[in-house]
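**Student:** Prediction below, plus the sequence it came from.
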Amino acid sequence: MSPPNRPTAPRRVADTLSLAGRRALVTGAGRGLGREIALGLARAGARVACAARTRFEIEAAAAECGPGAVAIELDVTSPERVNAAVAAAQAALGGIDILVNNAGAATSQPFRNLDLKTWRRVMATDLEGPFLVTQAVLPDMLGRDYGRVIMIGSMLSCAGRPYVAAYAAAKHGLLGLTRSLAAEYARSAVTFNCVCPAYAATPMTQASIANIVRVTGRSEQEARRSLHTPQDRLIEPAEVAAACVFLASALSGSITGQALMLDGGEIQA
């Protein structure tokens, strides 16, 4: 007999894609991918804690997520603030069933110009942050024998590109963390997966486009096209949100330790 909180094999897709009754914490939820992911989980029925550093952004995101959603101030680079934010989210929601580690920082420059301060900032946000938040959330998930931990990586979790050494290194590390946790907790009902999109239509990508224009002198259209997938487009944030809804659902119980590539066929691995 399965433990009370552990789902049995799904019977109907329509039933098992619902997240009704589930509680989710999304980091970096004030804008971009994080906001879209929070909205996607809420629309699937989950109560969502929208967490980020900027209060007015997460309050707006929580309001859009609807009744039961809450805004939680969170700096993922601070262990003390992570523990306080996770405790606040657990108290507000009554527990956390789904964690989406989305908060991130990106930088682009030649490796010889990459200073230690920038390297450490990217590592602290993109790799140490998910480590801290996951470590704070995991005991509750294990205690209730149910959980979904979703890392938002990048296609650069599986490949390298010029001028993004810090970002690619952090995202490679994030995938390694995901796979190690999946192996360590394979006998639990907590799963760990990494969603790896190519460049998405977000403010972060727009900043990358502006940087390419500034450094290379290309037009904005040329710079944008250089970031397109083989399908000749950017990834839509809603596509990333949909992947997270699936991985958060009962349908994904046998999927753990995986890198889900949303890259239009860029990296076939």
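**Tutor:** Sure, I can see it. All figures in this text were calculated on a predicted structure; none of them were measured in a lab. Numbers count the residues shown, from 1 in each chain.
**Student:** shaky segments in the stretch 151-269 of the chain?
**Tutor:** Regions of the stretch 151-269 of the chain meeting the criterion pLDDT under 70 cover residues 269.
**Student:** I'd say residue 62 and residue 71 touch.
**Tutor:** Yes - contact criterion C-beta atoms under 8 Å: residue 62 and residue 71 qualify, at 4.3 Å. Yep, even glycine has a C-beta here, placed from its N, CA and C like the rest.
**Student:** Relative to the whole chain's centre, how far out is stretch 222-235?
**Tutor:** 22 Å (C-alpha atoms, centre = their mean, to the nearest Å).
**Student:** one step back: now for residue 62 and residue 71: what residues contact both?
**Tutor:** Common neighbours of residue 62 and residue 71, using C-beta atoms under 8 Å, 6 or more residues apart in numbering, are 49-50.
**Student:** ok, what's across the strand from residue 50?
**Tutor:** Beta-bridge pairing of residue 50 under DSSP bridges involves residue 26, residue 71.
**Student:** Pull the number of nearby residues for it.
**Tutor:** Using other C-beta atoms under 10 Å, residue 50 has 32 neighbouring residues.
**Student:** Name every strand pairing with the strand ranked longest in the chain and say which way it goes.
**Tutor:** Assignment by DSSP state E gives strand 190-197 as the longest strand of the chain. Here strand 190-197 is paired, per DSSP bridges, with strand 147-152 (parallel), strand 258-262 (parallel).
**Student:** To what extent is residue 94 buried, counted in neighbours?
**Tutor:** 10.
**Student:** Over to residue 108?
**Tutor:** Residue 108 has 17 nearby residues by other C-beta under 10 Å.
**Student:** can you tell me which residues contact the residue lying closest to it once chain neighbours are set aside?
**Tutor:** Among residues not flanking residue 108 along the chain, residue 163 sits closest, at 4.9 Å (C-beta to C-beta, 6 or more residues apart in numbering). Contact partners of residue 163, counting by C-beta under 8 Å, 6+ apart, are 108-111.
**Student:** repeat for residue 182
**Tutor:** Per C-beta under 8 Å, 6+ apart, neighbours of residue 182: 191-193, 256-258.
**Student:** Dump those into TSV; add distance to residue 80 and neighbour count as well.
**Tutor:** Output for these, formatted as TSV (distance: C-beta to C-beta, whole Å; neighbours: other C-beta atoms under 10 Å):
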residue	distance to residue 80	neighbour count
191	28	25
192	25	27
193	28	27
256	30	21
257	30	18
258	32	18
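**Student:** Distance-wise, check residue 152 relative to residue 244.
**Tutor:** From residue 152 across to residue 244, the span is 8 Å (C-beta to C-beta, to the nearest Å).
**Student:** So for those two, which residues contact both of them?
**Tutor:** Common neighbours of residue 152 and residue 244 (C-beta under 8 Å, 6+ apart) are 37, 100, 195.
**Student:** could you dump those to TSV with distance to residue 17?
**Tutor:** Shown next, in TSV, are the shared contacts of residue 152 and residue 244 (distance: C-beta to C-beta, whole Å):
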residue	distance to residue 17
37	15
100	16
195	16
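**Student:** ok, of the residues you listed, which come out buried?
**Tutor:** The neighbour-count test (16 or more other C-beta atoms under 10 Å) marks 37, 100, 195 as buried among those.
**Student:** The last one contacts residue 152, correct?
**Tutor:** It stands for residue 195. Yes - under the criterion of C-beta under 8 Å, residue 195 makes contact with residue 152 at 5.5 Å.
**Student:** what do these two both touch?
**Tutor:** In terms of C-beta under 8 Å, 6+ apart, residue 195 and residue 152 are both contacted by the residues residue 240.
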